[in-house]
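Undergrad: Just a sequence and a predicted model for now, questions to come.
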Amino acid sequence: MRFSTSFVMYSCVLGLIVGVGAALFLTLVNFLIEFVWVSIPHMVSIPFYPILVGLFGGVLVGLVQTKLGNYPITMHETLSEFKQKGRVTYQDQIGKNFLAAVIVLMFGASLGPEAALSGILGGMITWMGDHLKLTLKNKERLLKLGIGTMLAAIFRAPLAGIGEAFEEHNYPTIDNRLKRILLYGLSTLFGLIGFLSVKRLFPEESVFTLYFSKTIVWKWQAIVLVPLAFLVGGLFGILFLKIEMITDELARKLNHPILAALIAGLCIGVFALWSPYFLFSGEHQLFPFSKEAIQFPLFNLVLLGIGKATLTNICFSFGWRGGKIFPAIFSSTAIGFAVVQLFPYTPELIVGVVVATSLTMILNQPYVSAALLLLLFPLQVFPAILISCLSIKKFKDHIMKID
(Lines give C-alpha, C1' and ligand atoms only; values in the text may rest on other atoms or scores of the structure.)
Protein backbone atom coordinates (compact mmCIF):
# COMPACT_ATOMS: atom_id res chain seq x y z
CA MET A 1 0.00 0.00 0.00
CA ARG A 2 1.55 3.26 -1.13
CA PHE A 3 0.59 6.79 -0.17
CA SER A 4 1.42 9.76 -2.36
CA THR A 5 2.85 12.92 -0.85
CA SER A 6 -0.35 14.78 -1.74
CA PHE A 7 -2.50 12.19 0.07
CA VAL A 8 -0.35 12.48 3.19
CA MET A 9 -0.80 16.26 3.03
CA TYR A 10 -4.56 15.86 2.60
CA SER A 11 -4.57 13.62 5.70
CA CYS A 12 -2.70 16.18 7.79
CA VAL A 13 -4.95 19.03 6.66
CA LEU A 14 -8.01 16.87 7.29
CA GLY A 15 -6.78 16.04 10.79
CA LEU A 16 -6.33 19.73 11.57
CA ILE A 17 -9.80 20.60 10.24
CA VAL A 18 -11.40 17.73 12.18
CA GLY A 19 -9.71 18.80 15.42
CA VAL A 20 -10.69 22.46 15.06
CA GLY A 21 -14.24 21.59 13.95
CA ALA A 22 -14.79 19.14 16.82
CA ALA A 23 -13.53 21.68 19.36
CA LEU A 24 -15.76 24.46 18.01
CA PHE A 25 -18.78 22.15 17.96
CA LEU A 26 -18.22 21.00 21.56
CA THR A 27 -17.62 24.58 22.71
CA LEU A 28 -20.95 25.66 21.21
CA VAL A 29 -22.80 22.69 22.74
CA ASN A 30 -21.26 23.29 26.17
CA PHE A 31 -22.27 26.96 26.01
CA LEU A 32 -25.87 26.05 25.18
CA ILE A 33 -25.97 23.40 27.92
CA GLU A 34 -24.69 25.96 30.42
CA PHE A 35 -27.37 28.41 29.30
CA VAL A 36 -30.29 25.95 29.47
CA TRP A 37 -29.35 24.05 32.62
CA VAL A 38 -27.48 26.66 34.70
CA SER A 39 -28.13 30.24 33.58
CA ILE A 40 -31.92 30.06 33.21
CA PRO A 41 -32.54 28.31 36.57
CA HIS A 42 -30.36 30.96 38.25
CA MET A 43 -32.42 33.74 36.70
CA VAL A 44 -35.90 32.25 37.19
CA SER A 45 -37.14 29.71 39.73
CA ILE A 46 -39.40 27.25 37.88
CA PRO A 47 -40.90 24.19 39.65
CA PHE A 48 -39.94 20.87 38.06
CA TYR A 49 -37.75 22.74 35.59
CA PRO A 50 -35.86 19.61 34.35
CA ILE A 51 -39.13 17.96 33.34
CA LEU A 52 -40.26 21.07 31.44
CA VAL A 53 -36.89 21.23 29.67
CA GLY A 54 -37.07 17.55 28.77
CA LEU A 55 -40.61 17.86 27.39
CA PHE A 56 -39.78 21.00 25.40
CA GLY A 57 -36.73 19.24 24.00
CA GLY A 58 -38.94 16.25 23.21
CA VAL A 59 -41.22 18.43 21.08
CA LEU A 60 -38.24 19.78 19.13
CA VAL A 61 -36.70 16.33 18.68
CA GLY A 62 -40.05 14.94 17.56
CA LEU A 63 -40.40 17.70 14.98
CA VAL A 64 -36.89 17.00 13.70
CA GLN A 65 -37.71 13.31 13.36
CA THR A 66 -40.98 13.95 11.50
CA LYS A 67 -39.89 16.90 9.33
CA LEU A 68 -36.22 16.15 8.64
CA GLY A 69 -35.76 12.42 9.30
CA ASN A 70 -33.53 10.30 11.55
CA TYR A 71 -30.85 12.82 12.44
CA PRO A 72 -28.11 13.00 13.48
CA ILE A 73 -26.87 9.93 11.64
CA THR A 74 -24.53 7.64 13.56
CA MET A 75 -20.96 6.52 12.88
CA HIS A 76 -22.23 3.11 11.83
CA GLU A 77 -24.74 4.66 9.42
CA THR A 78 -22.07 6.97 8.00
CA LEU A 79 -19.72 4.07 7.27
CA SER A 80 -22.58 1.90 5.93
CA GLU A 81 -23.72 4.64 3.55
CA PHE A 82 -20.18 5.05 2.27
CA LYS A 83 -19.77 1.31 1.68
CA GLN A 84 -23.09 1.15 -0.20
CA LYS A 85 -22.84 4.37 -2.24
CA GLY A 86 -19.14 5.18 -2.22
CA ARG A 87 -19.90 8.56 -0.69
CA VAL A 88 -21.73 10.27 2.18
CA THR A 89 -24.46 12.67 1.09
CA TYR A 90 -23.62 16.23 2.07
CA GLN A 91 -26.08 18.41 0.15
CA ASP A 92 -28.63 19.63 2.74
CA GLN A 93 -27.42 16.93 5.15
CA ILE A 94 -24.67 18.59 7.15
CA GLY A 95 -27.03 21.32 8.38
CA LYS A 96 -29.65 18.75 9.42
CA ASN A 97 -27.05 16.72 11.32
CA PHE A 98 -25.79 19.84 13.04
CA LEU A 99 -29.25 21.15 14.04
CA ALA A 100 -30.52 17.78 15.30
CA ALA A 101 -27.35 17.12 17.31
CA VAL A 102 -27.37 20.54 18.97
CA ILE A 103 -31.01 20.09 20.06
CA VAL A 104 -30.40 16.58 21.42
CA LEU A 105 -27.27 17.52 23.36
CA MET A 106 -28.37 20.90 24.77
CA PHE A 107 -31.60 19.50 26.19
CA GLY A 108 -29.80 16.94 28.33
CA ALA A 109 -29.82 13.64 26.43
CA SER A 110 -27.53 11.01 27.92
CA LEU A 111 -25.62 10.81 24.63
CA GLY A 112 -22.33 11.98 23.17
CA PRO A 113 -21.36 14.14 20.17
CA GLU A 114 -19.45 11.55 18.14
CA ALA A 115 -22.49 10.51 16.07
CA ALA A 116 -23.17 14.01 14.79
CA LEU A 117 -19.50 14.75 14.23
CA SER A 118 -19.02 11.57 12.17
CA GLY A 119 -21.98 12.47 9.92
CA ILE A 120 -20.73 16.02 9.41
CA LEU A 121 -17.23 14.66 8.84
CA GLY A 122 -18.41 12.10 6.29
CA GLY A 123 -20.18 14.77 4.26
CA MET A 124 -17.16 17.06 4.41
CA ILE A 125 -14.79 14.31 3.23
CA THR A 126 -17.09 13.44 0.34
CA TRP A 127 -17.13 17.12 -0.63
CA MET A 128 -13.33 17.21 -0.46
CA GLY A 129 -13.10 14.05 -2.55
CA ASP A 130 -15.42 15.46 -5.21
CA HIS A 131 -13.46 18.69 -5.52
CA LEU A 132 -9.99 17.13 -5.28
CA LYS A 133 -10.93 14.29 -7.65
CA LEU A 134 -9.84 11.61 -5.20
CA THR A 135 -10.35 7.93 -5.97
CA LEU A 136 -13.01 5.94 -4.15
CA LYS A 137 -10.34 4.07 -2.17
CA ASN A 138 -8.68 7.28 -1.06
CA LYS A 139 -12.03 8.76 -0.01
CA GLU A 140 -12.67 5.68 2.14
CA ARG A 141 -9.20 5.98 3.69
CA LEU A 142 -9.81 9.65 4.46
CA LEU A 143 -13.18 8.86 6.04
CA LYS A 144 -11.69 6.24 8.36
CA LEU A 145 -8.75 8.52 9.13
CA GLY A 146 -11.13 11.35 9.93
CA ILE A 147 -13.29 9.25 12.27
CA GLY A 148 -10.19 7.94 14.06
CA THR A 149 -8.90 11.49 14.44
CA MET A 150 -12.27 12.72 15.69
CA LEU A 151 -12.39 9.99 18.36
CA ALA A 152 -8.82 10.79 19.40
CA ALA A 153 -9.65 14.50 19.70
CA ILE A 154 -12.95 14.42 21.61
CA PHE A 155 -11.76 11.64 23.96
CA ARG A 156 -8.28 13.17 24.33
CA ALA A 157 -7.03 9.69 23.40
CA PRO A 158 -3.99 10.00 21.11
CA LEU A 159 -4.01 6.30 20.17
CA ALA A 160 -7.71 6.04 19.28
CA GLY A 161 -7.01 6.48 15.58
CA ILE A 162 -4.18 3.96 15.69
CA GLY A 163 -6.56 1.61 17.48
CA GLU A 164 -8.84 1.84 14.43
CA ALA A 165 -5.91 0.72 12.26
CA PHE A 166 -5.38 -2.35 14.44
CA GLU A 167 -9.08 -3.25 14.10
CA GLU A 168 -8.80 -3.49 10.31
CA HIS A 169 -7.99 -6.86 8.80
CA ASN A 170 -7.62 -5.99 5.12
CA TYR A 171 -3.89 -5.24 5.28
CA PRO A 172 -2.20 -8.63 5.53
CA THR A 173 1.46 -7.57 5.47
CA ILE A 174 3.29 -5.98 8.38
CA ASP A 175 4.62 -3.28 6.06
CA ASN A 176 1.13 -2.23 5.00
CA ARG A 177 -0.12 -2.26 8.59
CA LEU A 178 2.80 -0.09 9.75
CA LYS A 179 2.16 2.44 6.98
CA ARG A 180 -1.49 2.54 7.97
CA ILE A 181 -0.60 3.10 11.62
CA LEU A 182 1.87 5.87 10.75
CA LEU A 183 -0.75 7.64 8.64
CA TYR A 184 -3.33 7.40 11.44
CA GLY A 185 -0.73 8.72 13.88
CA LEU A 186 0.13 11.69 11.66
CA SER A 187 -3.51 12.60 11.10
CA THR A 188 -4.24 12.24 14.83
CA LEU A 189 -1.31 14.48 15.74
CA PHE A 190 -2.62 17.33 13.60
CA GLY A 191 -6.15 16.70 14.87
CA LEU A 192 -5.07 17.01 18.50
CA ILE A 193 -3.08 20.15 17.70
CA GLY A 194 -6.18 21.76 16.19
CA PHE A 195 -8.48 20.54 18.96
CA LEU A 196 -6.29 21.59 21.87
CA SER A 197 -5.47 24.95 20.27
CA VAL A 198 -9.16 25.88 20.19
CA LYS A 199 -9.80 24.42 23.64
CA ARG A 200 -7.09 26.63 25.13
CA LEU A 201 -9.23 29.59 24.10
CA PHE A 202 -12.24 28.10 25.92
CA PRO A 203 -10.89 26.27 29.00
CA GLU A 204 -13.14 23.72 30.70
CA GLU A 205 -13.73 23.35 34.41
CA SER A 206 -13.55 19.58 34.22
CA VAL A 207 -11.82 17.42 31.65
CA PHE A 208 -12.44 13.84 30.55
CA THR A 209 -10.51 11.96 33.23
CA LEU A 210 -10.94 9.99 36.42
CA TYR A 211 -9.78 10.93 39.90
CA PHE A 212 -7.57 8.47 41.73
CA SER A 213 -4.97 8.94 44.45
CA LYS A 214 -1.60 10.10 43.13
CA THR A 215 0.14 6.94 44.29
CA ILE A 216 -1.23 3.52 43.43
CA VAL A 217 -1.30 1.20 46.43
CA TRP A 218 -0.96 -2.30 44.98
CA LYS A 219 -2.77 -4.97 46.99
CA TRP A 220 -2.50 -8.69 46.35
CA GLN A 221 -6.24 -8.97 46.93
CA ALA A 222 -6.85 -6.79 43.87
CA ILE A 223 -4.92 -9.22 41.66
CA VAL A 224 -7.07 -12.06 42.97
CA LEU A 225 -10.22 -10.03 42.30
CA VAL A 226 -9.36 -9.23 38.65
CA PRO A 227 -11.39 -12.24 37.36
CA LEU A 228 -14.42 -10.97 39.31
CA ALA A 229 -14.00 -7.47 37.85
CA PHE A 230 -13.65 -9.04 34.39
CA LEU A 231 -16.89 -11.00 34.90
CA VAL A 232 -18.82 -7.99 36.26
CA GLY A 233 -17.69 -5.79 33.36
CA GLY A 234 -18.61 -8.40 30.78
CA LEU A 235 -22.04 -8.95 32.32
CA PHE A 236 -22.71 -5.23 32.48
CA GLY A 237 -21.73 -4.89 28.80
CA ILE A 238 -24.23 -7.64 27.97
CA LEU A 239 -26.88 -5.87 30.08
CA PHE A 240 -26.23 -2.60 28.21
CA LEU A 241 -26.80 -4.38 24.88
CA LYS A 242 -29.92 -6.16 26.18
CA ILE A 243 -31.40 -2.84 27.30
CA GLU A 244 -30.64 -1.48 23.83
CA MET A 245 -32.60 -4.35 22.24
CA ILE A 246 -35.56 -3.79 24.57
CA THR A 247 -35.77 -0.02 23.99
CA ASP A 248 -35.43 -0.51 20.22
CA GLU A 249 -38.33 -2.98 20.28
CA LEU A 250 -40.48 -0.63 22.39
CA ALA A 251 -39.81 2.23 19.97
CA ARG A 252 -40.80 0.06 17.00
CA LYS A 253 -44.08 -0.90 18.68
CA LEU A 254 -44.84 2.71 19.58
CA ASN A 255 -44.08 3.92 16.04
CA HIS A 256 -44.91 7.58 16.80
CA PRO A 257 -41.88 9.92 16.57
CA ILE A 258 -43.28 12.88 18.51
CA LEU A 259 -44.83 10.77 21.29
CA ALA A 260 -41.64 8.71 21.55
CA ALA A 261 -39.50 11.85 21.77
CA LEU A 262 -41.80 13.28 24.47
CA ILE A 263 -41.54 10.07 26.50
CA ALA A 264 -37.75 10.21 26.27
CA GLY A 265 -37.82 13.89 27.24
CA LEU A 266 -39.99 13.09 30.26
CA CYS A 267 -37.53 10.37 31.26
CA ILE A 268 -34.66 12.87 30.99
CA GLY A 269 -36.50 15.27 33.30
CA VAL A 270 -37.41 12.60 35.86
CA PHE A 271 -33.90 11.16 35.91
CA ALA A 272 -32.47 14.70 36.25
CA LEU A 273 -34.58 15.27 39.36
CA TRP A 274 -33.08 12.09 40.79
CA SER A 275 -29.44 12.96 39.98
CA PRO A 276 -27.70 15.36 37.55
CA TYR A 277 -25.23 12.55 36.77
CA PHE A 278 -27.87 10.97 34.53
CA LEU A 279 -27.80 13.98 32.19
CA PHE A 280 -25.51 14.59 29.22
CA SER A 281 -22.76 12.34 27.89
CA GLY A 282 -20.87 12.13 31.18
CA GLU A 283 -17.66 13.61 29.75
CA HIS A 284 -17.43 16.54 32.15
CA GLN A 285 -19.09 14.73 35.06
CA LEU A 286 -16.70 11.81 35.17
CA PHE A 287 -13.96 13.58 37.16
CA PRO A 288 -16.20 15.05 39.92
CA PHE A 289 -18.14 11.78 40.09
CA SER A 290 -14.98 9.72 40.58
CA LYS A 291 -13.97 12.01 43.46
CA GLU A 292 -17.28 11.34 45.23
CA ALA A 293 -17.98 7.76 44.14
CA ILE A 294 -16.19 6.04 46.99
CA GLN A 295 -18.61 7.76 49.39
CA PHE A 296 -21.73 6.64 47.50
CA PRO A 297 -23.78 3.75 48.91
CA LEU A 298 -23.34 0.53 46.91
CA PHE A 299 -27.01 0.45 45.90
CA ASN A 300 -26.84 4.02 44.54
CA LEU A 301 -23.81 3.21 42.39
CA VAL A 302 -25.53 0.18 40.88
CA LEU A 303 -28.69 2.19 40.21
CA LEU A 304 -26.64 4.98 38.65
CA GLY A 305 -24.82 2.58 36.34
CA ILE A 306 -27.95 0.73 35.23
CA GLY A 307 -30.03 3.93 35.14
CA LYS A 308 -27.49 5.75 32.96
CA ALA A 309 -27.38 2.80 30.55
CA THR A 310 -31.19 2.68 30.47
CA LEU A 311 -31.64 6.41 29.87
CA THR A 312 -28.97 6.38 27.14
CA ASN A 313 -30.77 3.65 25.22
CA ILE A 314 -34.22 5.19 25.80
CA CYS A 315 -32.95 8.48 24.38
CA PHE A 316 -31.42 6.89 21.30
CA SER A 317 -34.25 4.44 20.54
CA PHE A 318 -36.92 7.11 21.03
CA GLY A 319 -35.43 9.62 18.59
CA TRP A 320 -32.86 11.50 20.67
CA ARG A 321 -30.02 10.19 18.56
CA GLY A 322 -26.34 10.50 19.45
CA GLY A 323 -23.22 8.62 20.49
CA LYS A 324 -23.17 5.99 23.24
CA ILE A 325 -19.44 5.77 23.97
CA PHE A 326 -19.22 8.49 26.64
CA PRO A 327 -22.33 7.25 28.53
CA ALA A 328 -21.13 3.64 28.28
CA ILE A 329 -17.84 4.63 29.91
CA PHE A 330 -19.61 6.61 32.65
CA SER A 331 -22.14 3.89 33.49
CA SER A 332 -19.42 1.20 33.46
CA THR A 333 -17.33 3.36 35.79
CA ALA A 334 -20.23 3.54 38.26
CA ILE A 335 -20.45 -0.26 38.24
CA GLY A 336 -16.67 -0.47 38.70
CA PHE A 337 -16.83 1.71 41.78
CA ALA A 338 -19.68 -0.48 43.08
CA VAL A 339 -17.27 -3.43 43.00
CA VAL A 340 -14.68 -1.29 44.80
CA GLN A 341 -17.26 -0.57 47.51
CA LEU A 342 -17.35 -4.29 48.24
CA PHE A 343 -13.63 -4.89 47.76
CA PRO A 344 -11.64 -1.67 48.39
CA TYR A 345 -8.33 -2.86 46.98
CA THR A 346 -6.39 -0.94 44.30
CA PRO A 347 -9.49 0.78 42.81
CA GLU A 348 -7.57 1.90 39.70
CA LEU A 349 -7.11 -1.73 38.66
CA ILE A 350 -10.59 -2.97 39.57
CA VAL A 351 -12.45 -0.09 37.92
CA GLY A 352 -10.13 -0.22 34.90
CA VAL A 353 -10.84 -3.91 34.24
CA VAL A 354 -14.61 -3.45 34.70
CA VAL A 355 -14.75 -0.51 32.27
CA ALA A 356 -12.42 -2.19 29.74
CA THR A 357 -14.44 -5.41 29.52
CA SER A 358 -17.79 -3.61 29.51
CA LEU A 359 -16.80 -1.09 26.83
CA THR A 360 -15.30 -3.79 24.59
CA MET A 361 -18.44 -5.87 24.95
CA ILE A 362 -20.51 -2.86 23.84
CA LEU A 363 -18.25 -1.56 21.03
CA ASN A 364 -16.85 -4.93 19.94
CA GLN A 365 -13.54 -3.16 19.21
CA PRO A 366 -10.82 -4.13 21.72
CA TYR A 367 -8.02 -1.92 20.41
CA VAL A 368 -10.22 1.16 20.10
CA SER A 369 -11.64 0.52 23.59
CA ALA A 370 -8.16 0.21 25.08
CA ALA A 371 -6.95 3.33 23.26
CA LEU A 372 -9.93 5.37 24.53
CA LEU A 373 -9.12 4.35 28.10
CA LEU A 374 -5.35 4.90 27.83
CA LEU A 375 -5.25 8.32 29.49
CA LEU A 376 -8.44 7.88 31.51
CA PHE A 377 -6.66 5.53 33.92
CA PRO A 378 -3.12 5.56 35.33
CA LEU A 379 -0.62 4.17 32.81
CA GLN A 380 0.44 1.47 35.28
CA VAL A 381 -2.89 -0.34 34.84
CA PHE A 382 -3.01 -0.03 31.04
CA PRO A 383 -1.50 -3.51 30.45
CA ALA A 384 -4.39 -5.00 32.46
CA ILE A 385 -6.86 -2.88 30.48
CA LEU A 386 -5.44 -4.02 27.13
CA ILE A 387 -5.39 -7.68 28.17
CA SER A 388 -8.98 -7.38 29.43
CA CYS A 389 -10.15 -5.82 26.15
CA LEU A 390 -8.50 -8.53 24.02
CA SER A 391 -9.65 -11.36 26.30
CA ILE A 392 -13.32 -10.35 26.43
CA LYS A 393 -13.35 -9.96 22.64
CA LYS A 394 -12.00 -13.51 22.20
CA PHE A 395 -14.50 -14.80 24.76
CA LYS A 396 -17.38 -13.03 22.99
CA ASP A 397 -16.33 -14.39 19.58
CA HIS A 398 -16.07 -17.90 21.05
CA ILE A 399 -19.56 -17.71 22.56
CA MET A 400 -21.01 -16.42 19.27
CA LYS A 401 -19.45 -19.37 17.39
CA ILE A 402 -21.05 -21.79 19.82
CA ASP A 403 -24.45 -20.11 19.34
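TA: Perfect, I can see it now. Residues are numbered from 1 along each chain as shown.
Undergrad: use CA for all of it now, contacts and neighbours both
TA: Fine.
Undergrad: Where does the prediction get shaky in the protein?
TA: The chain contains residues with pLDDT under 70 at 1-3, 86-87, 132-136, 157-177, 204-208, 401-403.
Undergrad: care to break it down by domain?
TA: 5-201, 220-396 (automatic domain parsing).
Undergrad: could I get those as TSV with mean neighbour count and distance to Phe212?
TA: Shown next, in TSV, are those (neighbours: other CA atoms under 10 Å; distance: least, CA to CA, whole Å):
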stretch	mean neighbour count	distance to Phe212
domain 5-201	20	18
domain 220-396	21	7
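Undergrad: Including distance to Ser213, could those domains go into CSV?
TA: Converted to CSV, the domains of the chain look like this (distance: least, CA to CA, whole Å):
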stretch, distance to Ser213
domain 5-201, 21
domain 220-396, 9
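Undergrad: which one of the ones you listed lies closest to Tyr211?
TA: Checking the domains of the chain against Tyr211 by CA to CA gives domain 220-396 as the closest, at 5.4 Å.
Undergrad: Distance across that closest one, terminal residue to terminal residue?
TA: The first residue of domain 220-396 is 28 Å away from its last residue (CA to CA, to the nearest Å).
Undergrad: what's the distance between it and the middle of its chain?
TA: Distance, stretch centre to chain centre, for domain 220-396: 11 Å (CA atoms, centre = their mean, to the nearest Å).
Undergrad: Quick check: Trp320 touching Ala261?
TA: Yes - counting by CA atoms under 8 Å, Ala261 is a contact partner of Trp320 at 6.7 Å.
Undergrad: Overlap in contacts, those two.
TA: Residues touching both Trp320 and Ala261 (CA atoms under 8 Å, 6 or more residues apart in numbering): Val61.
Undergrad: I figured Met75 hits Gly119, correct?
TA: Yes - at 6.7 Å, Met75 and Gly119 qualify as touching, with contact defined as CA under 8 Å.
Undergrad: residues contacting the residue nearest the centre of the chain?
TA: Nearest to the mean C-alpha position of the chain, counting by CA atoms, centre = their mean, stands Ile325 at 2.6 Å. Contacts here follow CA under 8 Å, 6+ apart; on that basis Ile325 touches Gly112, Leu359, Leu363.
Undergrad: In helices, which of the residues you listed appear?
TA: Among those, the members falling in helices (DSSP state H) are Leu359, Leu363.
Undergrad: With distance to Val232 as extra columns, can I get the contacts of Ile325 in JSON lines?
TA: Formatted as JSON lines, these follow (distance: CA to CA, whole Å):
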{"residue": "Gly112", "distance to Val232": "24"}
{"residue": "Leu359", "distance to Val232": "12"}
{"residue": "Leu363", "distance to Val232": "17"}
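Undergrad: Nearest to Ser4 among the contacts of Ile325?
TA: Of all the contacts of Ile325, Ser4 sits closest to Leu363, with 32.6 Å by CA to CA.
Undergrad: Which residue comes closest to the closest one once chain neighbours are left out?
TA: Excluding its sequence neighbours, the residue lying closest to Leu363 (CA to CA, 6 or more residues apart in numbering) is Ser369, at 7.4 Å.
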